[in-house]
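**Student:** My questions are about this predicted structure, shown below with the sequence.
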Amino acid sequence: MSANGFKYNSHYAFGTLMVMFFLLPLWMSIYWYLSPNKKLVVAIIDKSLFSEQGKQHVSLNWVLGQEKFSKTDKQQYQQSKDYYGFFTSSKEKFVLKGLERFSTNQLEQLSKDADLAYFTNSYGIFKNDGHGNTEQGNGAYLQQTGMSLQDLQFLGSMKDKGKLVIVEFNALAPPTTPQIRSSFETLYGIKWTGWIGRYFDSFDSSKNKELPEWLIKDYKAQHQGIWPFKKAGIAFVHDDKRVVILEEENDLTSQYPEIVANKEGIAKFHLKESTTYTYWFEIMDFDQNTNHAAASFNINTNDRGAAILNKAKIPNSFPAITLHQKDDYQFFYLSTDFSENPIGIKSAYFKGMPLFKPFLYNARDRMDRRVFFWEIYQPLLTNVLNDYYYSKHN
């Protein structure tokens, strides 16, 4: 072959590859469109104020869309409409359209119609919610909700029918009442310890505007008005307003909380073995005769940090994903805001997107929450929902 012929073939091959590359999104979209729908009736309960991005349950809708789970044989789920909870209104700022409207007979019928229940946020609406700035903590609720008696009745009926129930972070914390919380804990063999926590990249109140004012105020009230922290670290907050702070270097050998998957989490749900998590989490306990964990939070302390946690009776390892997956019923409790992630819904409609996940987040940025979506949430929900769907249709 002449040099000119080789050069021509090289340019032709390169041009062909470039055309294929630019046409790839089109092919992925066509592949998604031609894939068959899989009807799976999901009752989504989200009692936070919906935003245009639908961030509170967008991750769930992303998985439903990517896997082509549909609410009917032909209709896909719409994140702005297909849930029970708060909706914006032209006449009012917001309106609650939850299960509280349902009679006992209607709740029973819903539990027959639904294949699974997904209970995400239940905390209600905070002051200034929907305007970019939220004030959270005690006294900050504009409208409280929490898990209601009707929610509990519905989830109990779903368990009685052997169906899948998935519940997320904060479902049992205030404004859920102690009576409802206790009933749910007995129903599903899981218990909230009263503690929640979060990583902050700086405890310097003059620099970090994400530090909640109530966190600093409650700590000062218990420590002679002193807030001595400047470095990064982890804050733990109890339902009774106790606050415990662990700082990097002083108390922690690694400043970041980690979600560590066990053998089941890795093999069955395809979770990454270890993933940094830098948002809110809660400390749960569970009945080991009923449930088990597929992944746990690890807080890496030195001796000083371990002593601080021990004094407050806070474990340095606690469940992140608790489950019961047997023939009698299926249940998952997710101890963080699993479905609240910075992910765009439009990308769900391109078949095979998870194959490109190494290019869809910054692995070097510990604060990039897209890592959590692609390495934990997406594989977990994809495997759970597909296994559940095919178990019902085989």
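**Tutor:** That came through, no problem. This is a predicted model, so every value here is computed, not measured.
**Student:** which SS state does Leu215 fall under?
**Tutor:** Classification of Leu215 using DSSP: H, G, I helix; E, B strand; the rest coil returns helix.
**Student:** Count residues in the vicinity of it, would you?
**Tutor:** When neighbours are counted by other Cβ atoms under 10 Å, Leu215 registers 20. C-beta: built from backbone N, CA, C; applies to glycine.
**Student:** Quick one: distance of stretch 186-205 to the chain centre.
**Tutor:** Relative to its parent chain, stretch 186-205 has a centroid offset of 14 Å by Cα atoms, centre = their mean, to the nearest Å.
**Student:** which helices and strands does the host helix or strand of Tyr389 pack with?
**Tutor:** Under the criterion of DSSP states H and E, Tyr389 resides in helix 378-392. For helix 378-392, the elements it packs on are helix 58-66, strand 164-168, helix 263-269, judged by 3 or more Cβ pairs under 8 Å, 6 or more residues apart in numbering; DSSP states H and E.
**Student:** so which strand or helix has Gln260?
**Tutor:** Small correction: residue 260 is Val, not Gln. Assigned by DSSP H and E, Val260 belongs to strand 258-261.
**Student:** So in that sheet, which strands flank that strand, and in what orientation?
**Tutor:** strand 274-276 (antiparallel), strand 292-298 (antiparallel) (DSSP bridges).
**Student:** Show residues contacting that strand.
**Tutor:** With contacts defined as Cβ atoms under 8 Å, 6 or more residues apart in numbering, strand 258-261 is touched by 269, 271-277, 294-298, 300, 320, 372, 376.
**Student:** before we move on, back to that, between the strands paired with strand 258-261, which has the poorest average model confidence?
**Tutor:** Among the strands paired with strand 258-261, strand 274-276 has the lowest mean pLDDT, at a mean of 94.
**Student:** In ChimeraX, how would I select the buried members of the contacts of strand 258-261?
**Tutor:** Remark: buried members of the contacts of strand 258-261, expressed as a ChimeraX selection using 16 or more other Cβ atoms under 10 Å:
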select :269,271,272,275,276,277,294,295,296,297,298,300,320,372,376
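**Student:** Next, the buried residues of stretch 36-53.
**Tutor:** 38-40, 42-50.
**Student:** Could you tell me the end-to-end distance of stretch 220-235?
**Tutor:** Terminal residues of stretch 220-235 lie 14 Å apart, using Cα to Cα, to the nearest Å.
**Student:** go on, stretch 252-260?
**Tutor:** Start to finish, the residues bounding stretch 252-260 are 17 Å apart (Cα to Cα).
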